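Undergrad: give me a 3D structure for the following:
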Amino acid sequence: MISVLIPVYNYNICDLVNTLHKQLSASKIEFEIICIDDYSNKSTINSNETINTLSNTSYSLSDKNNGIAVTRQLLVNKAKYDWVLLIDADMKLKDAFFISNYLKAIKQNYEVVFGGIIYDTNPPDLSSLLRWKYGVTYESVSAEKRNKTPYKITSAANMLIKKEVYIKFALDSIGNSYGMDIYFGPQLKLNKIPVLHIDNSVYHLGLESSIKYKEKVEFAVRTLLNLYNKKEIQEHDNDLLKAFVVSKKTGLNFIFFGLYVAFNKLIVNNLLSKNPKIILIQYYKILYMCYFDLCKNKTN
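TA: Below you'll find the predicted structure:
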């Protein structure tokens, strides 16, 4: 009845898989758990291979690093059931009702169900403080609020979806988890796919360093801009893209370009500090988008 799919890269998934297996077994439904390791280090592989002893569970290895979007697509292609539950390796279940909550949602008339993401209330090491603060501020959102704009927060890190719907969008063509999530919501909206958000959150444990997260933010901004310029994003609820479009229409993009040149080092220094002001990352995104757009146009 349900295929649980976990993309893995350098993360121990034993606790996650064992907990999922226990809940699935208790539910008395037909299930499978499929894990594909995207070329992790040997110690990670050795630890994770123990899950192959569980019933209806498989852990296989890629012969190269494909990236999470491609790995997710491979998982979906392998799934034998109509409903697939995607969950990232660095997640932890909040309670014993994770599977039963999704099984209840299946009975409703939706094709995609998003469970949500939450973060531990205790701050992590200072090196990962930016990622944690951003997650707590902007990603830990109740289902009630998410359902008001159902195509805005669409993370594939905790998502139940009909297999045929996922395959339809060829999400592996984007090539990165950040890029995929940016592309996914607008495609669901454009195609009028019924979407439901429920309070079935999982804890996000695998926090990147602040430096790495800043680089991912920049990558996401470039991806969003490229998708917009290629007209691959038409209908959307993305606040950053809305702000960018307005800035271009009003000429503010040139002012934002200048502000980026003048202040980007000061902003980055704060974001990477021991006390990052999280609102600055929103300003940084629009300034960086305008800067990158104008620089790109000058070279073309």
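
Undergrad: list the buried residues for stretch 115-125?
TA: Neighbour-count burial for stretch 115-125 flags 115-119 (criterion: 16 or more other Cβ atoms under 10 Å). Every C-beta, even on glycine, is put in place using the N, C-alpha and C of the backbone.

Undergrad: helices along the stretch 51-200 of the chain, start to end?
TA: 68-78, 98-106, 129-134, 143-146, 163-168, 177-190 (DSSP state H, counting those that start in this stretch).

Undergrad: with distance to Phe31, mean neighbour count and mean pLDDT as extra columns, can I get the ones you listed in CSV?
TA: Shown next, in CSV, are those (distance: least, Cβ to Cβ, whole Å; neighbours: other Cβ atoms under 10 Å; pLDDT from 0 to 100):
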stretch, distance to Phe31, mean neighbour count, mean pLDDT
helix 68-78, 14, 20, 94
helix 98-106, 9, 18, 98
helix 129-134, 32, 22, 97
helix 143-146, 24, 14, 98
helix 163-168, 14, 16, 95
helix 177-190, 24, 21, 82
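
Undergrad: do you know which of the ones you listed lies nearest Cys295?
TA: Minimum separation from Cys295 across these (Cβ to Cβ) falls at helix 177-190, 19.8 Å.

Undergrad: what packs against the closest one?
TA: With contacts taken as 3 or more Cβ pairs under 8 Å, 6 or more residues apart in numbering; DSSP states H and E, helix 177-190 sits against helix 68-78, helix 210-229.

Undergrad: want to try CSV for those helices, with distance to Asp88 as columns?
TA: Converted to CSV, these look like this (distance: least, Cβ to Cβ, whole Å):
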stretch, distance to Asp88
helix 68-78, 8
helix 210-229, 14
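
Undergrad: for the protein, give me the ranges with low pLDDT.
TA: Within the chain, the segments meeting pLDDT under 70 span 174-179, 300.

Undergrad: what's the domain layout of it?
TA: As assigned by automatic domain parsing, the chain contains the domains 2-116+153-206, 212-299.

Undergrad: between the two ends of the first one, how far is it?
TA: Going back to what we said before, that points to domain 2-116+153-206. Across domain 2-116+153-206, the terminal residues are separated by 26 Å (Cα to Cα, to the nearest Å).

Undergrad: roughly how far is that domain from the heart of the chain?
TA: A distance of 11 Å separates the centroid of the chain from that of domain 2-116+153-206, by Cα atoms, centre = their mean, to the nearest Å.

Undergrad: start the count at 45, not 1, going forward
TA: That works, and once the first residue is 45, the last one we named lands at domain 46-160+197-250.

Undergrad: show the contacting residues for the spatially most central residue of the chain.
TA: The residue lying closest to the centre of the chain (Cα atoms, centre = their mean) is Ser199, at 4.1 Å. Residues in contact with Ser199 (Cβ atoms under 8 Å, 6 or more residues apart in numbering) are 158, 161, 183, 225.

Undergrad: now the helices of the stretch 95-244 of the chain in TSV, with distance to Leu316?
TA: Converted to TSV, these look like this (distance: least, Cβ to Cβ, whole Å):
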stretch	distance to Leu316
helix 112-122	24
helix 142-150	35
helix 173-178	7
helix 187-190	30
helix 207-212	36
helix 221-234	19
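
Undergrad: quick one: the strands in the stretch 45-194 of the chain, in order.
TA: Secondary structure of the stretch 45-194 of the chain (DSSP state E, counting those that start in this stretch): strands at 46-52, 75-81, 101-105, 127-131, 135-137, 156-158, 161-162.

Undergrad: out of the ones you listed, which comes closest to Leu316?
TA: Closest to Leu316 of the strands of the stretch 45-194 of the chain, according to Cβ to Cβ: strand 161-162, at 23.0 Å.

Undergrad: with that, I have no additional questions.
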